[in-house]
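Asks: Below are the sequence and a predicted model for it; my questions follow.
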Amino acid sequence: MKPAPTLSSAFLEPGGQSLPAPLLELREQRGTALVDMPLPTRKTENWKYSSRHLKLSDELASTLPATGKDGLSLSLPGYRVVFHNGVMIPEASDFPDLDGIRIQRFADLDDDEAAGLAERLDNTLDTRAVQMARLNSARFEDGLYIQLDKEAVLDQPLFIVHEVTGTASGSAYPRIYVDAARHSQITVVEEYLSSGAEPVMVDTVTEFVLGDGAQVTNVRLVMEGENVQHIGATGVRQASNSRFESHCVGFGGPLRRHDLMVRLEGEGGECKLNGVVVTQGKQHYDNHTSIEHVAAHCNSEETYRNIAADESHAVFNGRIHIHEDAQKSNANMNNKNLLLSTGAEIDTKPELEIYADDVKCAHGATIGQLDKISLFYLVSRGIGRREANTLLTMAFINELVEQIPVQAVKDAAQLRLNDFFDQTFQEA
Amino acid sequence: MLSIKNLHASVEGEEILKGINLEIKAGEVHAIMGPNGSGKSTLSQVLAGNETFEVTEGEITLNGENLLDLETEERAREGIFLAFQYPVEIPGVSNLQFLRTAVNAMRTHRGEPEMNAAEFMKLAKEVSKQVDLDPAFLKRGVNEGFSGGEKKRNEILQALLLQPKLAILDETDSGLDIDALQVVSKGVNALRAKDRAILMVTHYQRLLNHIVPDHVHVLAGGKIVKSGGRELALELEERGYGWLGVKDEEATPSAAS
Ligand SMILES: Nc1ncnc2c1ncn2[C@@H]1O[C@H](COP(=O)(O)OP(=O)(O)O)[C@@H](O)[C@H]1O
Ligand SMILES: [Mg+2]
């Protein structure tokens, strides 16, 4: 038998020179643990559809240089933090100093704060299950540490823009840690963009820790180019009566992978996870979500929609784990899939592990095509094929797009969707 | 306006229409009657261009143009409108958006500027009143959760908005109570015009009390077996289809099913 492939040592070169000592130490420790890390293969259950799309050539191991340019002409309402190639660019960022809210790049943390963060980093993630997050922990060059004191409220969304520049091959490891103390509130928007054409990998990790009654909304928009492999992990831990909302909108690429793990650890916690994925060409998109009902009386509500055109491939794996003590849990998971061509493929799998007896847990998954009779009805009114198909496809995701709480993201997503419709649908 | 010659159509290899001939002139109202399963809806759907049905022989022209060469949307833009026997529910597409997209597609085809949202809203509200449909229905998904009668009124609403040259109404009267029938008839009568033809498909006579046809045809077994004036409809009401040698599944054609 061929030995399982392991991570190339090229990925373990030293780095992180601008990090404060405690974080640098942590990074090195994590790096040491990665020596001989087996890479996911077809036999790795949670990577079985995606391992062949993961291409970790040695060129990708070089850390992309921080360019410092402000390549983004987006004028975003709200506050803004810009990362280029995994490093924060202060000149391009714009956010206020507010009472009870600290938004700091890792490089700017003093040793005490950095030591505090080093203790917590990774504590929302089961790193055995999210293999590639471990690589981030060993490779991050910078990051953003957001702390909200109790009852602090960020009055506008915070946009975190991650741009990678594919002028040369390499990789970037953005890292965000959000500590939302009790009854604090924040909306964090992550936008992933790219320029250039050389092969690039983005391996990104975002963590949220919610105190009692905290309310956190996370909007994630993945729109990098065809040269970018995007691998992301989001870890969430929720204390009592906290509420976490996630709205993910993703467009495909050679590899798009997102692991979203939520742990409901205090009674009365609630999470709502929405996702819209659109793929075309030969793109590949893989969403793995996991909701752990650890405490009793928690609600989770998950709705994901995949749309796959051409010869693209989308994967949804939704795990719900209700622990023994999590009585009166209420979990609802729904995944609907739309195939726009006979060459497209969608794989969907619910994974339910229920160890408590007094719970409500509902799940449903469907895979279908656009309805021919609906299409005929629309065109019989003079509506062109392209527009009719567009209306029906939008109908499939409208409900989720409408729920995105940030207008600028809705607009950006809609523009990108319009391109997709133009490329996918023809007049008769 | 519409000329159908020796039309044959089949579905899944089975012939349903077996040589239909029909001439309709501008300004006329024709009624096609016939027992269930005789092919009335098939004829309507074939005229609108439903590809489920294959035309195997014959021709259809609209003002001299070969209709069978046109896609469904092109036929609609040339003025064919079909009020469906079973209007389709499309959750997620608002009725208002659907109607405006349709109206603007027609306007673009005619080289007219599109209507903006506000202009269209005003128009749609007026026409809703004409068919006694609460404007709240504009906000709902297309036909989503509409009752049978509401769906039929929504079809007439579309006909009034799109102003077709030929309106084909497939059982627009079925499933309506007396009040709704009045409203729908009023809508259909409002469609009557010198330059427009109406083809009403029904197996009841009662709509014909409200909308008086110029010609009545009996469709049976995929063929028109008899044509006449409006008195033919009355005769069918009295005598059923039996005297025409047509097997009639229902006791009388006016009996509610
Ligand atoms: N989509 C279809 N697939 C198979 N058979 C059909 C289809 N549509 C209609 N038919 C058949 O064609 C015949 C005529 O149906 P239809 O045109 O609906 O009659 P009517 O409208 O007069 O009641 C019936 O025997 C019906 O079963
Ligand atoms: Mg019928």
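Replies: Yes, it's here. Ligands and ions are numbered 1, 2, ... in the order given.
Asks: Which stretches in the chain count as helices?
Replies: Here I'm looking at chain A. Secondary structure of chain A by DSSP state H: the helices cover A:21-34, A:111-120, A:131-139, A:372-379, A:385-403, A:407-424.
Asks: Not quite, go with chain B.
Replies: With DSSP H, the ranges of helices along chain B come out as B:40-48, B:72-77, B:95-109, B:117-130, B:136-139, B:148-162, B:178-191, B:207-210, B:230-239.
Asks: Check what contacts the third one and list those residues.
Replies: Contacting residues not belonging to helix B:95-109 are listed as A:378, A:381-384, A:387, A:391, B:73, B:76-77, B:90, B:113-115, B:117, B:120-121, B:123-124, B:137-143, B:154, B:157-158, B:161-162 [Cβ atoms under 8 Å, 6 or more residues apart in numbering or on different chains]. Using the backbone N, CA and C atoms, a C-beta is placed for each residue, glycine as well.
Asks: okay, B:Thr252: pLDDT?
Replies: Listed pLDDT for B:Thr252 reads 44.
Asks: near chain A, which residues of the stretch 151-257 of chain B?
Replies: B:158, B:162 (Cβ under 8 Å from any Cβ of the partner chain).
Asks: Now with 10 Å, please.
Replies: Contacts of the stretch 151-257 of chain B with chain A, taken as Cβ under 10 Å from any Cβ of the partner chain, map to B:158, B:161-162, B:164.
Asks: For the buried ones among these, write the corresponding ChimeraX selection.
Replies: Command for ChimeraX that selects the buried part of these, burial taken from 16 or more other Cβ atoms under 10 Å in any protein chain shown:
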select /B:158,161,162,164
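Asks: and which of the residues of the stretch 151-257 of chain B next to chain A is nearest to ligand 2?
Replies: Distance to ligand 2 across those (Cβ to the ion) is lowest for B:Gln158, with 18.6 Å.
Asks: For chain B, what's the nearest residue on the stretch 101-250 of chain A?
Replies: For the stretch 101-250 of chain A, the residue closest to chain B is A:Val249, as judged by Cβ to the nearest Cβ, at 16.8 Å.
Asks: beta partners for that residue?
Replies: Beta-bridge partners for A:Val249, by DSSP bridges, are A:Leu221, A:Val276.
Asks: Considering only chain A, name the residue that lies closest to chain B.
Replies: Per Cβ to the nearest Cβ, A:Ala395 is where chain A lies closest to chain B, at 2.8 Å.
Asks: Surely that residue and A:Leu375 touch.
Replies: No. With contact defined as Cβ atoms under 10 Å, A:Ala395 does not reach A:Leu375; the gap is 11.4 Å.
Asks: hey, what's in contact with both of those two?
Replies: Here A:Ala395 and A:Leu375 have B:Ile90 as joint contacts, going by Cβ atoms under 10 Å, 6 or more residues apart in numbering or on different chains.
Asks: picking that back up, narrow the contacts of helix B:95-109 to those that are buried.
Replies: Neighbour counting by 16+ other Cβ under 10 Å classes A:378, A:381-384, A:387, A:391, B:73, B:76-77, B:90, B:115, B:120, B:123-124, B:137-138, B:140-143, B:154, B:157-158, B:161-162 among those as buried.
Asks: ok, and of those residues, which contact ligand 1?
Replies: Counting by Cβ under 6 Å from any ligand atom, the subset of the buried ones among the contacts of helix B:95-109 that neighbours ligand 1 is empty.
Asks: residues contacting whichever residue of the stretch 51-200 of chain A sits closest to ligand 1?
Replies: Distances between the stretch 51-200 of chain A and ligand 1 by Cβ to the nearest ligand atom are smallest at A:His53, namely 41.7 Å. Taking Cβ under 10 Å, 6+ apart as the criterion, A:His53 is in contact with A:47, A:229, A:253-257, A:282-286, A:313.
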